[in-house]
Structures are given as structure tokens and as C-alpha cells.
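[1] A structural model of the following input is requested.
(2 chains)
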Amino acid sequence: MTNQAIDNLQKDLQKLENNTEARDIFRLAQARNKALSQSDSKQRNRLFPALGASMASILLVSFFFFQQAPTSMNDELVSDVNSEERLSELDDENLDLYEDLDFYYWLASND
Amino acid sequence: MPVKATQVELGYSSIEEFLKTIERRAFHMARMATGNADSAMDIVQDSMFKLVEKYAHKTPQEWKPLFYRILNSKTIDYYRRKAVRDKVFPWSKYVVNTDSDQATDIVDLTAGRLSETPDEMMMRSQRIDKLTDAVNALPRRQREAFMLRCWEGMSTIDTAMTMKCSEGSVKTHYSRAMHSLRDMLEDYNYD
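    Below you'll find the predicted structure:
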């Protein structure tokens, strides 16, 4: 194929391009705008995984925290129960002794 | 300063300008390859999406080869999907959905044609139809080489990069394409 023939082909192809129908030009512009606007939405979409991961880690930490908390409360309850048991073990005489302890201290200091 | 010189040479500096300069040609290339305006539009839109999504950060010099590489792979995807569809739904082959079926509003045909007389318009239309048929008849790789080298005016290096092959292969494909076109367009009259 001669250079002239190639030039002619190129001219025709160029004309084909220049004479794109208005409907197609409009649709191409729409496609271009959609493609360009996706970069903004993509950036927004990229934030969601990070947000999700941070929320999940917060939930995980709070879950473990509340898992730990009841056990410590149980310990406190157990200790409370133990102290009550110890108190109940004390008979009335011993209780009186403890209640009058201040008096005995005062008496001892006067002697 | 060299950056400005490059921008002037390329004709674009932003991705939007690049897409504006390339979209019509890409559309016609895809249309020639698929024979269908709607499919061509989908291919071009997908290519634009992918370029902006994946390669917007690249230098403007790299956009053109990357865009055409995406366009080519999307066109291949279209052929594959079509082949599968034709196998699964054999009757779909007989549902002709080419551009010739679509009624075109006369208003849509007015842009840019005022300088031509009706005779010239008709002659040019016939030539383009003939050229389109000839280009469609080429094997895929030869068609790609012809479109990128002859129509887009890309260098052999850029074409090789776009087609993911060696420069030698590009030269071979292009040469064979030109030979085939010469045979098919013997009576291609240009006044």
C-alpha cells in the first residue's frame, strides 16, 4: 500500500472520528464524567474498611474488658460473702467484746 | 519548562483532557471491532473507569498505551462473553443487533458535515463502510496493529507496549494488515 493510500485511509478515519454522531458524543461525555467522578467515591469507599476495622477493634477490646469485669466483681462478691461468713462465725459474746473494745482501751490507758 | 513542552506535544495534562482527546477514536475503534455501538460504548466506558481507577497517578505519557491496552483487553473480554453467550443461547446469534438496525435521527447526523455536499457525504460513507468491513475482516492482532499505528499514529515501541508483544511482532502484524487491506481495498477511490 502506498503512502498516498495510507494518507487517504487516515483522512477517512479522521473524518469518521470528527463526524461522530451527537448522541454518541453525549454518551461518551456521560461515560467520561462517570469515570472521573468514581475517583472521589472510591476514596470515600476506601475509608469504610478502615472505619470498620477500628470499630471492630473497639468492640473486641470492650468485649474483653467486660469479660474481665464480671470476674473481678465476682471476686468482690466472694470476698463480701466471706466477710459475712466470718462475721456470722463470731458469736454474740465476741461481738460484745469487739463493741466494748474502745472502753477497754480507755480503761487500760487510765491504769 | 520541559514539562510544559511535553504537555503541548501531548495535547493534554490532566486525565480529563486525555479522555476528551481519545474518547471518540476509542469509540470508533471499539465499534469497528464489535460492529455494535452499544457494546462499543460499554467497552470505552469500562476502559475509562479502569484507567481512572488504576492508572490516574501515572504520567500523561503512559496514559495512551495503558488506555489502549485496557481497551484491547476489554474487547477480547467482549468476544469471550459473546462466544459463551452464543454457545449457551445459540439463537442469540440470529438476533441481529448491529448499528444498521438502529434508526438514526437526521439531527444526529448533522454535526461537522456542513462542508460536504450530499454526493461527497455519500461517497465518504461508502468508503468508510468498505474500510470498516475490510478492517473487521483482519485477524485481531493485525487489526490492533493497524488501528494503533495507522489511526492512532502510535510509535512501534508504544504499540508493542500496548499489544504486550515485541516491536518485531508489531512490524509483522502491521505489515500483514497493510497487505491484506491493499488486497481488499483495491478499488478504494479517494477524490
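[2] B:Ser125 versus A:Asn19, what's the distance?
    10 Å (CB to CB, to the nearest Å). Using the backbone N, CA and C atoms, a C-beta is placed for each residue, glycine as well.
[3] quick one, which of the two is more surrounded?
    A:Asn19 (19 against 13; other CB atoms under 10 Å in any protein chain shown).
[4] Tell me the first helix or strand C-terminal of the lowest-mean-pLDDT helix or strand in chain A.
    The weakest-scoring helix or strand in chain A, judged by mean pLDDT, DSSP states H and E, is helix A:92-99 (a mean of 72). Once the chain leaves helix A:92-99, the next helix or strand it forms, by DSSP states H and E, is helix A:101-110.
[5] Distance of A:Ala108 relative to chain B?
    89 Å (CB to the nearest CB, to the nearest Å).
[6] pLDDT value on that residue, please?
    The model reports A:Ala108 with a pLDDT of 87.
[7] how many other residues sit next to it?
    8.
[8] got it, and B:Asn36?
    B:Asn36 has 19 nearby residues by other CB under 10 Å.
[9] can you pull the pLDDT of it?
    Looking at B:Asn36, its pLDDT stands at 85.
[10] confidence score at residue 46?
    Defaulting to chain A. At A:Arg46, the model reports a pLDDT of 65.
[11] Can you look at chain B instead?
    Looking at B:Asp46, its pLDDT is 93.
[12] Quick check: chain neighbours aside, which residue is closest to it?
    Leaving aside its sequence neighbours, B:Asp46 sits nearest to B:Lys74 (CB to CB, 6 or more residues apart in numbering or on different chains; 5.2 Å).
[13] Surely B:Ala145 and B:Met163 touch.
    Yes: using CB atoms under 8 Å, B:Ala145 is in contact with B:Met163, at 6.8 Å.
[14] Compare the two and say which one has the larger neighbour count.
    B:Ala145 (29 against 20).
[15] Look up how far B:Lys171 lies from B:Cys150.
    As for B:Cys150, its distance to B:Lys171 is 13 Å (criterion: CB to CB).
[16] higher neighbour count, those two?
    B:Cys150 (20 against 15).
[17] okay, and the common contacts of B:Ala145 and B:Met163?
    With CB atoms under 8 Å, 6 or more residues apart in numbering or on different chains applied, the overlap between the contact sets of B:Ala145 and B:Met163 consists of B:170, B:173.
[18] For B:Phe18, give me its contacts.
    B:10, B:12, B:60, B:63-64, B:67.
[19] Hmm, B:Met32 and B:Ile43 touching each other?
    No: B:Ile43 lies out of contact with B:Met32 (CB under 8 Å); the separation is 11.4 Å.
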